[in-house]
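Chemist: Return a 3D structure for these sequence lines:
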Amino acid sequence: MASLPGLNDSFDEIMLSRKCVDRAGFKFTFFEDPKKYNYIVIRNPKASRSLYEKVNEYSEKTLEEHIEFINYYKLEKAVIVAENIDFVSKCPTLKNIVVIPSLKATDKFDFSPLYSLPNITQLVCITEYGDIQNSYSTTVDYSRIPGLKKIEVTGKGNLNYGEVSTLEELVVREDKKIKDLNYLSCATNLKDMTFVHCALKSLEGLENLKEVQSLCLEYLYSLSDVSAVAKISKSLRVLQIESCPKITDFSCLFNLVNLEHLVLYGNNKLPTLSFLNNMKRLKTFCFSMIVEDCDITPCLQIPYAFLGKEKRAYNLKDKDLPKSLNTEPFQIV
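Modeler: Numbers count the residues shown, from 1 in each chain. So this is what the prediction gives:
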């Protein structure tokens, strides 16, 4: 495989602040890691814009030149801003793709060209697009893309991703229809799940997902029942609960004996922190929830603990807690 021009270049801060870099006349941006500008930006037509990006730069290269460049260097990652994506069938090496309909895209943007790509493993599709004057929505059927391992979905129009048996990582934002996790019963390989601003009321169905290692629950204002977490105690290593005000029963925490990282943020009340005594593998614990018995001493056995909201009645302050971060970072295995 040919060496990509400028792949190891260092870029000055002004250039990086523009969220893209230039390599051989082609624009590259980052998606997951802000230190790695390894997603080629494809615009169709070349000056296409969207409301979902801060970058207004574009390459003067033609679409055909982008296709030739991708195929020559066997590029795997791309951010596509376009009126249509009919051309993607000419880029079979692409694996990690972000698709954003442009401001000039019309109603019912067609994601079906993705269904013919043989190697997609990671996908983000923006299904609600347009501007204030013209707003549209469309659909994408993830069950028609074999081999998907990671997807991020936002809002409506994301169909059948719960039926993708190969899925390992899932991020769901602003889904107002899901009430529990039973719809994921076929995605039994899931290891990492994040739910943000969704309508979940319970985690029923989580017991079917025996491989889950990381679970993040953020801003779930209807969620009241997290008892199902106890049913995946064997696999779960990371748990984050943030701004889920209706949760009152945290007894499931006593079962999480294999947990390595725990975050509990919000105004919820924890009767006690004694559940920490069962977590012999815990490396980090960050919390701001109210501890009703005011006993913070269980934190002293953890390598790193952070108390985000101190109370006068507590027997310890944040400065009294262990702050050793000499621990291995968690990785999905």
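Chemist: pLDDT score assigned to the nearest residue to Asn255 once chain neighbours are set aside?
Modeler: Distances taken as CB to CB, 6 or more residues apart in numbering place Ala230 nearest to Asn255, at 3.9 Å, with adjacent residues excluded. Where C-beta positions appear, they are placed from N, C-alpha and C, glycine not excepted. Per-residue confidence (pLDDT) for Ala230: 97.
Chemist: Wasn't Ala230 part of a helix?
Modeler: Yes. Assessed with DSSP: H, G, I helix; E, B strand; the rest coil, Ala230 lies in a helix.
Chemist: and it, how many neighbours does it have?
Modeler: Ala230: 16 surrounding residues under other CB atoms under 10 Å.
Chemist: Identify the residues contacting it.
Modeler: Residues in contact with Ala230, defined by CB atoms under 8 Å, 6 or more residues apart in numbering, are 252, 255-256.
Chemist: Same check on His261?
Modeler: 237-240, 282-285, 330.
Chemist: Dig out what it forms beta bridges with.
Modeler: Judged by DSSP bridges, the bridge partners of His261 are Val238, Thr284.
Chemist: ranges for the helices of the stretch 51-200 of the chain?
Modeler: 63-73 (DSSP state H, counting those that start in this stretch).
Chemist: where are the low-confidence patches of it?
Modeler: 54-56 (pLDDT under 70).
Chemist: Tell me where it has strands.
Modeler: Taking DSSP state E, counting those that start in this stretch as the criterion, the stretch 51-200 of the chain carries its strands at 77-82, 96-101, 122-125, 128-130, 135-137, 140-141, 150-154, 158-159, 169-173, 192-196.
Chemist: related to what we said a few turns ago, between the contacts of His261, which has the most around it?
Modeler: Going through the contacts of His261 with other CB under 10 Å as the criterion, the one with the most neighbours is Leu282, at 26 neighbours.
Chemist: Next one: that one, what pLDDT does it get?
Modeler: In the predicted model, Leu282 carries a pLDDT score of 97.
Chemist: From Leu94, how far out is Gln122?
Modeler: Gln122 sits at a distance of 10 Å from Leu94 (criterion: CB to CB, to the nearest Å).
Chemist: more crowded one of the two?
Modeler: Looking at Gln122 and Leu94 with other CB under 10 Å, you find the greater number of neighbours at Leu94, namely 24 against 19.
Chemist: one step back: please identify which of the contacts of His261 is nearest to Arg49.
Modeler: For the contacts of His261, the closest approach to Arg49 (CB to CB) belongs to Gln240, at 34.2 Å.
Chemist: helix/strand/coil for the closest one?
Modeler: With three-state DSSP as the criterion, Gln240 was assigned strand.
Chemist: pretty sure it contacts Tyr219?
Modeler: No. No contact is recorded between Gln240 and Tyr219 when judged using CB atoms under 8 Å, the distance being 11.6 Å.
Chemist: got a list of what Cys91 touches?
Modeler: Residues in contact with Cys91 (CB under 8 Å, 6+ apart) are 67, 70-71, 75, 78, 117.
Chemist: Would you reformat the residues you listed as a markdown table and include distance to Ser324 and neighbour count?
Modeler: Below are these laid out as a markdown table (distance: CB to CB, whole Å; neighbours: other CB atoms under 10 Å):
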| residue | distance to Ser324 | neighbour count |
| --- | --- | --- |
| Ile67 | 51 | 16 |
| Ile70 | 45 | 22 |
| Asn71 | 49 | 14 |
| Leu75 | 41 | 22 |
| Ala78 | 41 | 24 |
| Leu117 | 46 | 18 |
